[in-house]
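# Here is a sequence together with a model predicted from it:
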Amino acid sequence: MVRLTRPLSVAAGALAVGISSLAYAGFTNPLIPAWRGLPGTSMVGWESFTSASGGPNLPNFPGSGPSAALFNFGSGAMITSTGNMYGFAGALFINAFGGTLDQLTPQQAVLNVSTAGTTLSLSSVSLTLSDNAGHMAAVSPDSYELRWESAPPDGQGVAQNLAFVWDINDIGFSATNWKLSFASMGASMSLDAATLDLNYVPAPGVLAFIGIATFGRVRRRD
């Protein structure tokens, strides 16, 4: 399996309706898929956190479904006064868990992550699909894009909005659960917000476009 190393180009435009220039929640320039909110899709997100380590953080981003929880399994973290999760003495190791829609396997996924300070480890990002019979498939994103970058107010590290996109092939079983994983490169990353969009029945036209607009992307090879 080859990890991607290049940003999205034309393919991002196929998935996005259009991006607001105004910051909302923890994002300045998120990648909003055109199918968000349509039948056969789901979205979960976090714009503030209550548990720094080990405990569940329930979705609180507007429009989120209820069936998910986010955990940090790294040590040395705290919740800031603004509700961010800050790894002051160690790396953040994030895992979010949820159930699929009507026991369907997602065909597309879009992750938006907003961070500040130490950067996100690109190679750590993965989506794992499983069922109740023990089948499991870990899928790396097909592509990613740096949507926004700036110096944070305290001048330490960098503030970023990153988007990751999956075009999921047949995994050989019907998924009932998903797990999202990502981690920081080290200590001193502040996790501001994260959203995960899942599309279970993508439009044929969108899939066809993604199939031909491959320049500027690195495809996953199994």
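Thanks, I have the structure now.

# Identify the residues contacting residue 182.
Shown in contact with residue 182 (CB atoms under 8 Å, 6 or more residues apart in numbering): 94, 111, 113, 120, 121, 124, 125, 126. Just so you know, the C-beta spots here come from the backbone N, C-alpha and C atoms, and that holds for glycine as well.

# Save those as TSV, and put in secondary structure too.
Putting the contacts of residue 182 into TSV (DSSP: H, G, I helix; E, B strand; the rest coil) gives the following:
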residue	secondary structure
94	strand
111	strand
113	strand
120	strand
121	coil
124	helix
125	coil
126	strand
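
# Reformat those residues as JSON lines; add neighbour count, distance to residue 45 and pLDDT.
Formatted as JSON lines, the contacts of residue 182 follow (neighbours: other CB atoms under 10 Å; distance: CB to CB, whole Å; pLDDT from 0 to 100):
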{"residue": "94", "neighbour count": "25", "distance to residue 45": "13", "pLDDT": "98"}
{"residue": "111", "neighbour count": "22", "distance to residue 45": "10", "pLDDT": "98"}
{"residue": "113", "neighbour count": "25", "distance to residue 45": "10", "pLDDT": "98"}
{"residue": "120", "neighbour count": "22", "distance to residue 45": "16", "pLDDT": "98"}
{"residue": "121", "neighbour count": "16", "distance to residue 45": "21", "pLDDT": "98"}
{"residue": "124", "neighbour count": "16", "distance to residue 45": "19", "pLDDT": "98"}
{"residue": "125", "neighbour count": "22", "distance to residue 45": "16", "pLDDT": "98"}
{"residue": "126", "neighbour count": "17", "distance to residue 45": "18", "pLDDT": "98"}
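
# How confident was the prediction at residue 215?
The model reports residue 215 with a pLDDT of 27.

# That should have said residue 208, apologies.
Per-residue confidence (pLDDT) for residue 208: 38.

# For residue 159, grab the count of nearby residues.
Residue 159 has 20 neighbouring residues, counting by other CB atoms under 10 Å.

# Would you mind measuring from it to residue 35?
Distance, residue 159 to residue 35, using CB to CB, to the nearest Å: 28 Å.

# Look up which residues are beta-bridged to residue 195.
Counting by DSSP bridges, residue 195 is bridged to residue 45, residue 112.

# shouldn't it be in contact with residue 33?
No - with contacts counted by CB atoms under 8 Å, residue 195 stays clear of residue 33, the gap being 10.2 Å.

# beta partners of residue 148?
Going by DSSP bridges, residue 148 forms beta bridges with residue 161.

# i'd like the first residue to be 11 from this point on
Sure, I'll start numbering at 11, so the last one becomes residue 158.

# pLDDT score for it?
If you check residue 158, the pLDDT there is 96.

# With residue 25 instead?
We note a pLDDT of 36 for residue 25 in this prediction.

# How about residue 30?
29.

# now do residue 44
We have a pLDDT of 94 for residue 44.

# ok, now the one 5 residues further on?
At residue 49, the model reports a pLDDT of 93.

# Give the burial count for the nearest residue to it once chain neighbours are set aside, as a bare number.
Nearest residue to residue 49, sequence neighbours excluded (CB to CB, 6 or more residues apart in numbering): residue 211, at 7.9 Å. Applying other CB under 10 Å, we find 15 residues neighbouring residue 211.
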